[in-house]
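Colleague: Provided below are the primary sequence and the corresponding predicted coordinates.
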Amino acid sequence: MMNTVGSTTVDIKKTLLHYIKAEFKEKDLDMLKSLLGSIYTELTNTPDILPHLESPNFAADPLDCCDRTNSDTITDTPSFSPDNLKPYQDFLIANERSKNTISKYISDVTGFITFLSSAEISKEQCLDYKKYLLKQNYAVSTVNSKLCSIHSFLTFLDRADCFVQLEKVQKKELKATYAILTPEDYHKLLEESSRPQKRKVNLMIRAFGQTGIRVSELQFITVESIQQQEITIRNKNKNRKVPLIRELQKMLNDYVIEKNIPSGPIFTDKNKKPLERQNIYNMLQTIAANAGIDKRKAHPHALRHFFAKSFYDKTHDLVMLSNILGHSDISTTKNYVTGTFEELCNEMEEIGIL
């Protein structure tokens with residue numbers, strides 16, 4: 001793949017084509033032809049661009065570059081570089097992907113394009129990239145996550161023929177003890193953040209640990225949600241409500257009154273915008289370090305797991321827990337309540353099988 005865009009006639013032609021296809025989604029090819037032809041006409045009247053359009057095939061059929069029957073290698077897709085992914089980003093926005101999803105996809109695709117260097121996209125190149133990822137000692141789930149991002153990019157390019165199979169994931173293993181946030185750890189975090197100047201992070205820890213929300217959902221804890229005693233979370237065209245226990249509601253309400261927050265999200269930065277993921281992570285890491293807790297446990301998702309396991313241990317209601325966590329597949333919820341190897345050993349000791 002070339003590292004510049006628009007350096008050849010074909011690049012200009014294909015870039016225009018993919019912009020149009022993203023808009024019309026190929027529902028009316030005649031309309032696409034007409035529109036692309038009109039754009040070509042306008043471009044030919046521009047002296048600076050005309051030299052780049054001297055292609056015998058350009059005006060003949062603006063869509064002939066879509067024929068891929070004779071080659072597995074992509075020769076009809078606009079060239080992209082890590083610094084020029086805006087068309088793909090616009091595609092993700094048009095498909096209502098979340099800000100965090102877009103950021104991740106762009107990051108993963110940037111790595112993919114960097115790997116390709118000057119090579120053109122083909123099924124073989126995609127297989128090579130998969131092998132490369134596996135050699136980096138990433139977890140299988142991480143490799144699959146990156147491949148899903150690449151598949152999204154290939155979908156944008158209309159190159160589903162280059163999809164590669166995801167790696168098979170074996171049944172979830174028992175978690176290592178160091179990866180689990182225990183009740184003792186949780187209370188240490190609360191104690192370390194109990195001073196007045198740490199009140200914001202203390203409330204965040206309580207919010208994650210007592211509701212199980214995702215880090216991206218912290219913004220939905222608003223003045224209005226506190227008044228209603230429930231968090232209304234809107235994500236991917238789906239809404240769900242998460243209850244606020246009375247103690248947490250009161251603490252949040254006191255904070256709102258003290259900080260004179262009239263409405264909207266209560267966990268914000270100096271510019272009154274919802275806290276960024278990295279800021280939240282850094283705050284938790286600092287508290288954990290001061291409390292003498294393994295930093296690998298100090299992140300919002302660990303608190304989400306802590307809530308899930310605590311809830312399940314008391315209720316054994318997997319369906320209700322799945323609804324609270326916002327899982328569409330209950331098998332995902334099962335992964336949240338998996339115990340540690342140490343817990344398994346303790347259970348076997350108590351059973352006392354000879």
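Modeller: Good, I have the coordinates.
Colleague: okay, CA-based contacts and neighbour counts for the rest of this
Modeller: Fine.
Colleague: which intervals of the stretch 201-350 of the chain have sub-threshold pLDDT?
Modeller: Scanning the stretch 201-350 of the chain for pLDDT under 70 picks out 339-350.
Colleague: actually the stretch 51-200 of the chain, not the one I typed
Modeller: Along the stretch 51-200 of the chain, segments meeting pLDDT under 70 span 51-83, 117-119, 170-178.
Colleague: try 90 this time
Modeller: 51-86, 95-101, 116-122, 137-141, 167-180 (pLDDT under 90).
Colleague: quick one: the helices in it?
Modeller: 86-94, 99-116, 123-135, 140-156, 183-192, 199-211 (DSSP state H, counting those that start in this stretch).
Colleague: return the set of buried residues in the longest one.
Modeller: Applying a neighbour-count criterion of 16 or more other Cα atoms under 10 Å, one finds 102, 105-106, 108-110, 112-113, 116 buried in helix 99-116.
Colleague: which among the residues you listed gets closest to Y132?
Modeller: The shortest approach to Y132 among those belongs to F112, at 10.2 Å (Cα to Cα).
Colleague: any idea how far the closest one lies from S141?
Modeller: 17 Å (Cα to Cα, to the nearest Å).
Colleague: do the same with E217
Modeller: The gap separating E217 from S141 is 23 Å, by Cα to Cα.
Colleague: with E276 instead?
Modeller: To S141, E276 is 24 Å away according to Cα to Cα.
Colleague: return the host helix or strand of Y255 as PDB; C-alpha atoms alone will do.
Modeller: Per DSSP states H and E, Y255 falls inside helix 246-259. What follows is helix 246-259, C-alpha atoms only, in PDB (Å, rounded to 0.1, in the frame of the first residue of the first chain):
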ATOM      1  CA  ARG A 246     -29.400   4.900  48.900                       C
ATOM      2  CA  GLU A 247     -26.000   5.400  50.700                       C
ATOM      3  CA  LEU A 248     -24.300   6.100  47.400                       C
ATOM      4  CA  GLN A 249     -27.100   8.400  46.300                       C
ATOM      5  CA  LYS A 250     -26.800  10.400  49.400                       C
ATOM      6  CA  MET A 251     -23.000  10.700  49.100                       C
ATOM      7  CA  LEU A 252     -23.200  11.800  45.500                       C
ATOM      8  CA  ASN A 253     -26.000  14.300  46.300                       C
ATOM      9  CA  ASP A 254     -23.900  15.800  49.100                       C
ATOM     10  CA  TYR A 255     -21.000  16.200  46.600                       C
ATOM     11  CA  VAL A 256     -23.300  17.900  44.000                       C
ATOM     12  CA  ILE A 257     -24.500  20.400  46.600                       C
ATOM     13  CA  GLU A 258     -20.900  21.100  47.900                       C
ATOM     14  CA  LYS A 259     -19.600  21.600  44.400                       C
END
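Colleague: noted, bye for now.
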